Structures are given as C-alpha cells and as structure tokens.
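1. quick one: sequence and predicted model below, then my questions.
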Amino acid sequence: MSQDSHASRIQKGILAIDPLMYNFVENEVLPTVGVDSESYWTGFEKVVKEFTPRNKALLATRTELQDKIDQWHLDHPAKNGEIDFPVYKQFLIDIGYLLPEGNDFKISTENVDKEITEIAGPQLVVPVKNGRYALNATNARWGSLYDALYGTDVISEDNGQETTRAYNPKRGAAVVAYAKNFLDEHFALVLGSYTEVTGFDVVDGQLVIKQGETTTELQVLSKFVGYVGDANSPSGILLKNHNLHVEIQIDANNPIGKDDPAFIKDVLLESAISVIQDCEDSVAAVDADGKVAVYRNWLGLMNGDLQDTFKKDGEMQTRRQNPDREYTTPEGGKLILPGRALLQIRNVGHLMQNPSILVDLGDGQEEVFEGIMDALMTPLMALNDIRGNTERANSRTGSMYIVKPKMHSPDEVKFANDLFNASEDVLGLPRYTIKMGIMDEERRMTVNLKEAIRQAKERVIFINTGFLDRTGDEMHTSMNAGPFVRKIKMKAQEWQPAYEQWNVDIGLETGFKGHGQIGKGMWARPDDMKEMMVQKIAHPQEGANTAWVPSPTGATLHSMHYHMVDVAEVQSRLKSRKRANIDEILTIPLAKDTAWTAEEAQTELENNAQGILGYVVRWVNQGIGCSKVPDVNNVGLMEDRATLRISSQHIANWLLHGIVTEAQVMEVMKRMAKVVDGQNANDPSYQPMATDFDNSIAFQAACDLIFKGREQPSGYTEPLLHHARRALKGSL
Ligand SMILES: CC(=O)SCCNC(=O)CCNC(=O)[C@H](O)C(C)(C)COP(=O)(O)OP(=O)(O)OC[C@H]1O[C@@H](n2cnc3c(N)ncnc32)[C@H](O)[C@@H]1OP(=O)(O)O
Ligand SMILES: O=CC(=O)O
Ligand SMILES: [Mg+2]
C-alpha cells in the first residue's frame, strides 16, 4: 500500500516523488535502458513545469463549453424531443465547439510497422497491469481455430455437441467441419474439399494436396507461402490471404490429428495483429503502487523478458513472450514471421492526476497530471525496443506506439503532440519516434476530427471509434436537453451510424489508407461469440482495418472476418463517397415519446444499476479494472469505465428529467446490490455491499456516480472511482 508520506518522498526540484515510484525508476528502469538519472529527472521537471498549466487550461475550456451548452438547453427547451437545430448548430459554432475546417492534407507518418499500415485484422485490448493476461494478449498473434470454436457458442450445443469436461468427439467433428469449410472458402482447392484431403506434399516448390489416389492444388497457387518440417511430410502448411497467415498443423500422433484423414491437428490463425496494453479503461491504478505495477509490466514487455507464473488447472505454469515463427518458403528459403502482436500502449487522458509524483508550481503541492507522467514514462521503458536492442522485438521500424484516449479537440491533440515532442527531447529520440493513436470517443473530437488529425499529422497512426465513451459523452454533453432514449436504443439513433461513417470518411480523406489504422470499437459481450461472428463483420465491411476484441479467442474468431472482406478494396471504393452528414452526428438522442410504462422504466433502471454496482464493487474493493459482470439475465458483459459512464449518465439524465425519482433509484440500487452480492457469493475475497450500505465505500461510490453524475467532468467516472479506491486503501 502506498501511504502518502511527505517525509519519505524524494525531492527532485519541484517534484516530490513517491519512493515506490522513484526506486522503481532508479533501480529497474534507468540502468536497463541506459539513461542518466540526473538528466531524466531534470527533463521530467521541465516538462511538468511547461505542460501542467497548459493541461489545466484545456480542462478549463472543457468546463466553459459544457457550462454554455447546459445553459443553452435551459434557455431553449426541446419540444417533443426536438430542439431548434439551426439555432443550436450556430450556437456551437459561435462558442468554438464546432470549428472551421482548414485545407485538405494527408498524414505523413513514417517508420510505421506493417501491422498498422498493411495488415487488416483484430486489435486486442488488455489490462497491462495483469501480467498473465498481458502476456496472453501479446502471444495472441496466433490462435488455435479449433480451440476458439470448441470453447465458444459459435458451435452449437445441440445434437449431442455439448461442451463436456472430457473431449466430446461430436463437438470436435463440428469444429473440424467448420474449420475445413473456412479453408474451402478462402483457400479453395481445384477439386473437392478439405474434408477429402488425405495429406500434403511440397514438390518443386508447389503444394501438392492428396485426396486418396488423386491429387489437387490450390485454385490460387500464390496463397501457399511456406511450410514446416520436411517437404515430403510437412508438419505445417502456411497459407496467406488478404495479408493474413493461416497454418494447417499436421501431427499423426496428436489425439485430434490421428483421427483426421490428413492428420490435421489444428488450424492456426494469425489473430491479434496488434494489441493495446491498456493503462486506462481496463486498469485500476490510483497511486504509485498501481502505476509501478503497470509500468513494470510494460517495461518487461518492451524488454521482451516479462514472465508470469500462475496456477492453472491445478498446475503451475510460467508464461513468457513467444518467439517468432520459422518457416521454409516454397523455394526453400527461410521465412520468419512475428510470433507476437504489435504492442501499443494506451496512456491515460488529460483529466486525471496521480499521487505518484507531487508537483509544486508555486501554489503548494498538487498531484502530477497522469497523462504527462505516462508520456514521460512509457517511452522511457520502450527505449531498448526502439533502439532494436531486444531479442523479442516489438517495433521493427524503431517506433513506439501510444494510444491517447478521451481527447476532446484539436487543441488537446496539439497538446499531446507537443508533449510527445518534449518526451522525445528528454529521451534523446528522433522527432516522431513516438506515434499517436487518437481515440475518436468524445463528441467535440468527432465533429472536429479532421482538424484534430492535422495537429498530429506526422505521428498519427490510428483513429478509432470508441463508441462506448462516445455514448457517455453524447449523454453528458446534452444532459439538460431532455430525457434520452433507453440505453439499448442508443446505437440505433441518428448520431451513431453517422459518427461511425464520419470517422472512416475523415480517415480516408486524410490518407490513412495504407498508412494507418481506421479502427472500430469493442465487442463488449465476451461470451457471445456466435453473435459477434454475425455482427462484427460489419466493421471491415464499413472500411475499418481493425476493430477491438476483448479476448484472444475473440481475436481468432474475428480474424476470419478479414479473410471474408478485403478491406483495402473496400477502402478504395469508399474513398469517393459523400462524407457522412455532420447534422446527423449532432442530432441529440432525445426520446420523442417518454411515456414508458412503469415496468419499462424499472427494467431500464435495474439494468443500469446492476451494471454499475457489479463493476464498481470489484473496481473499488478489489482493484479489478475491467470485469465480466453478469447482467440481470446473467449474460456476462464487459464492463469498464466507459460502460459505467453510460449507465451512470443515463440514470442521472432520467432523474434530472423526472422519469424516475431519487427514492426509486435508491430502492433499485439497494435491491441490485443484493443481487450483485449473490452473484459474487463464490468469491472468497468479495466484500458484500448489502450488509452495511452506509459503510460500503463501493456502494456509496456507485450512488455518487449517479446522484453526482451531472457534476462529474464530462460525466467521467474516474474521479469518483479513484477517490473511493484510495479511501479503501487508506492512501487518500
Ligand atoms: C471501452 C473500452 O475502452 S474497451 C477496453 C477496455 N476493455 C478491455 O480491455 C477488455 C479486455 N478484456 C478483459 O479484461 C477480459 O476479457 C474480461 C474482464 C472482459 C473477462 O475476463 P475473465 O472473466 O477473466 O475471462 P475468462 O475467465 O472468460 O477468460 C480468462 C482467460 O482468457 C484470457 N483473457 C481474457 N481476456 C483477455 C485479454 N483481454 N487479453 C489476454 N487474455 C485474456 C486470460 O488470460 C485467461 O486465460 P489464461 O487462464 O490462460 O490466462
Ligand atoms: O475506449 C473505447 C470506448 O469505446 O470508449
Ligand atoms: Mg474509451
């Protein structure tokens, strides 16, 4: 536990550094990356001095704009869910919320890895604080299709295909049939199907596919790109489609392989092409203790030596970063493919401050802005990789990738860009070594996206629609306008598809095709993979070259969508279409008809309350940043700060506009707390809320998120969550 003790802090100029953080940097980081302590802290101090007032000014602008918008809605009440749109839009222009657009330009970012520029495929997000998961995600570049199918609802449980403890051959047969159908679709044979294949041979650089007495070949011969083992009895056949590799694995001694006519034991798919190691949404790190854990894992990942030992299925195992994969090319040469996903790290946004370091700018000590600290720390830990000094390389082009969330405007992107310049200067890195992923997840960011990209045009590598935060901001921004539609209807409102299309349109206009990622959001139902397979193909079809998945299994399954859709071709086609309509983006999702039945209002409330409590109790009491929370129907939903922002802002909105009463909300919160306690009954470290509502810090925090929801900056949940977690840890 990190107790804030002034006496023990290490003073470096105006910085007072928590000893946990200081010792970690001094002993574990600086010697490893070969940076001199004096120059690092001097540089750190200088950057903090310069950027802290700028950071504050940007936050003040957010508040000023929000206050004006709140007042405008009070002065111009909506009628039947409609506002006077032309007047509203002009007002947004007048206050500088909606900015003029400048001349056309193209991004010019250089030295970007091909996982970002060339390979369209899934992006996996993982809490970097959890070493076991962080390593698993890194290794999820390659995933077993057989495992992904066997373990999920993509294969039905009907007709004797249930998932049983012991291997169920009927389910296995369904898995193999699915996988061979996938191969038939994307690596079609001249004759017949993979179900009839009895073996593979490589003869004179050609793949010969045996079907009993006859042989056949691929319809597109160039899709065969390598093999493992002997040419006349390969143990692996490497295929390639739309820049993604697939390895058919052959082993006659394997329990699955031995019963297959071609001894195929598995089909390995190139899956998580890139991974976002997350310091933000999926992490609870509120002090030096937490931040050091985050940074230590990132350091290990960047040095290629992170490992984690844990018990699984009753046995201890140690997980490390996988090596690269070696193949023989058809011509007999050597082919090395990356064994790991390309890692990016999501720093935190501009809002939060952190007690790891206190700063005195003349008005007494205050906590350092966490985003400034992240920008100076996370590239420091990546120096060995940037210089190409590690065995398990991440970037092969000497770059380092930071995803910057929750920015609201071109000014805020300029600030981040300048901050990255400053960090490069402190670390002696060439300009634009640090690349920037821009989350398009706040309303003001969306409507000014082109100008925002311009501010980082030499280093931007992605724009991604974080629709979850974006939905929360949609609600907070227009809180006073009237009651919103039910949460489930949010995605069907006018603003949503327009926002998604706009992001792709702006990305294509500014030259992302072949140069950066146009990304789409998270699949937030980690156990609902069958439905993901139906819905998430829309992402590549809409022109995104990546989209977020919550787990390695999700990555393997979603990767099939990029075999089905040629994103490069889609982007070429979309380039000439008319841009999405900004007026639609600005259309507020107000309910036209607010005559919900008492039951509808109650269900809405229960659903939101349950999600809030289920997430908050684990965040506050156990420090678990991202959870699979069973909803009222016991479907596990991924809940994080962004989904929490939506649920809490939604209840706050319905309270404000009298759809529900305070007493009603309180009654539901108490009832749902009991439900959540029940759902966690099997967790021995769980502390129930309902036994003592008044003294449960978690329950109180959950209530505050609703009842104080209107006052929270941009409706963000971090300030209250952090406060509650630190209160619980006794580190306030
Ligand atoms: C709005 C936004 O910003 S979205 C971004 C924030 N959200 C995320 O990052 C979600 C990331 N996903 C997760 O954190 C998790 O998948 C959760 C919390 C949703 C579910 O976690 P759990 O309930 O522990 O998953 P479950 O029990 O089904 O599976 C655990 C296994 O899957 C692996 N796993 C699950 N999620 C991940 C992941 N994101 N990355 C790597 N491995 C993962 C674990 O390593 C574990 O395998 P292991 O035993 O071999 O180590
Ligand atoms: O960060 C992602 C989001 O949807 O929010
Ligand atoms: Mg987000």
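-> Right, received. Where do you want to start? Everything numeric here is computed off the predicted structure, so don't read it as measured data. Ligands and ions are numbered 1, 2, ... in the order given.

2. C-alpha only now, for contacts and for neighbours.
-> Noted.

3. E606 is in contact with V668, isn't it?
-> Yes. Shown here, E606 and V668 form a contact pair, counting by C-alpha atoms under 8 Å, at 6.2 Å.

4. for ligand 2, what is the nearest residue in the stretch 1-150 of the chain?
-> With C-alpha to the nearest ligand atom, the shortest gap between the stretch 1-150 of the chain and ligand 2 falls at V125, namely 9.4 Å.

5. wait, doesn't N303 sit right on R392?
-> Yes. N303 is in contact with R392 according to C-alpha under 8 Å; the separation is 7.5 Å.

6. neighbour count winner among the two?
-> N303 (23 against 20; other C-alpha atoms under 10 Å).

7. need the contact list for that one.
-> For N303, the contacting residues are A382, N384, D385, T390, R392, by C-alpha atoms under 8 Å, 6 or more residues apart in numbering.

8. gap between the first one and ligand 1?
-> It refers to A382. With distances taken as C-alpha to the nearest ligand atom, to the nearest Å, A382 is found 20 Å from ligand 1.

9. which non-adjacent residue is nearest that residue?
-> In this structure, A382 finds its nearest non-sequential neighbour in M302, 5.2 Å apart by C-alpha to C-alpha, 6 or more residues apart in numbering.

10. do the second one as well
-> The shortest distance from N384 to any residue other than its chain neighbours is 5.9 Å, reached at V33 (C-alpha to C-alpha, 6+ apart).

11. tell me where the stretch 451-600 of the chain has helices.
-> Assigned by DSSP state H, counting those that start in this stretch, the stretch 451-600 of the chain shows helices spanning 467-477, 495-509, 529-535, 538-541, 552-564, 567-574, 582-585, 598-622.

12. could you do the stretch 601-732 of the chain as well?
-> Under DSSP H, counting those that start in this stretch, the stretch 601-732 of the chain gives helices at 641-656, 662-679, 697-707, 718-729.

13. coming back round to it: of the contacts of N303, closest to ligand 2?
-> With C-alpha to the nearest ligand atom as the yardstick, the closest approach to ligand 2 among these comes from A382, at 22.9 Å.

14. residue ranges with poor pLDDT in this protein?
-> 1-7 (pLDDT under 70).

15. next up, the contacts around M490.
-> Shown in contact with M490 (C-alpha under 8 Å, 6+ apart): T471, Q496, P589.

16. what's the answer for M479, then?
-> Here M479 is in contact with D70, N653, R710 (criterion: C-alpha under 8 Å, 6+ apart).

17. can you select the buried ones among these for me in PyMOL?
-> Restricted to buried positions by 16 or more other C-alpha atoms under 10 Å, the PyMOL selection for the contacts of M479 reads:
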select buried, resi 70+653+710
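
18. ok, back up a step: need the contacts of N303 in TSV (columns: secondary structure).
-> Listed next are the contacts of N303 as TSV, based on DSSP: H, G, I helix; E, B strand; the rest coil:
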residue	secondary structure
A382	coil
N384	helix
D385	helix
T390	coil
R392	coil
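
19. adding distance to Q622, write those residues out as CSV.
-> Output for the contacts of N303, formatted as CSV (distance: C-alpha to C-alpha, whole Å):
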residue, distance to Q622
A382, 29
N384, 33
D385, 33
T390, 35
R392, 33
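
20. neighbour-wise, which one of those residues leads?
-> Busiest of those [other C-alpha under 10 Å] is D385, holding 26 neighbours.

21. my guess is E26 meets S37, correct?
-> Yes. Using C-alpha under 8 Å, E26 is in contact with S37, at 6.9 Å.

22. sorry, back to before: just put the helices of the stretch 451-600 of the chain in TSV and tack on distance to ligand 1 and mean neighbour count.
-> Converted to TSV, these look like this (distance: least, C-alpha to the nearest ligand atom, whole Å; neighbours: other C-alpha atoms under 10 Å):
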stretch	distance to ligand 1	mean neighbour count
helix 467-477	5	25
helix 495-509	15	22
helix 529-535	12	16
helix 538-541	16	20
helix 552-564	6	25
helix 567-574	23	17
helix 582-585	20	17
helix 598-622	10	21
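
23. any chance of JSON lines for the ones you listed, columns distance to ligand 2?
-> Listed next are the helices of the stretch 451-600 of the chain as JSON lines, based on distance: least, C-alpha to the nearest ligand atom, whole Å:
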{"stretch": "helix 467-477", "distance to ligand 2": "3"}
{"stretch": "helix 495-509", "distance to ligand 2": "12"}
{"stretch": "helix 529-535", "distance to ligand 2": "16"}
{"stretch": "helix 538-541", "distance to ligand 2": "14"}
{"stretch": "helix 552-564", "distance to ligand 2": "16"}
{"stretch": "helix 567-574", "distance to ligand 2": "22"}
{"stretch": "helix 582-585", "distance to ligand 2": "17"}
{"stretch": "helix 598-622", "distance to ligand 2": "15"}
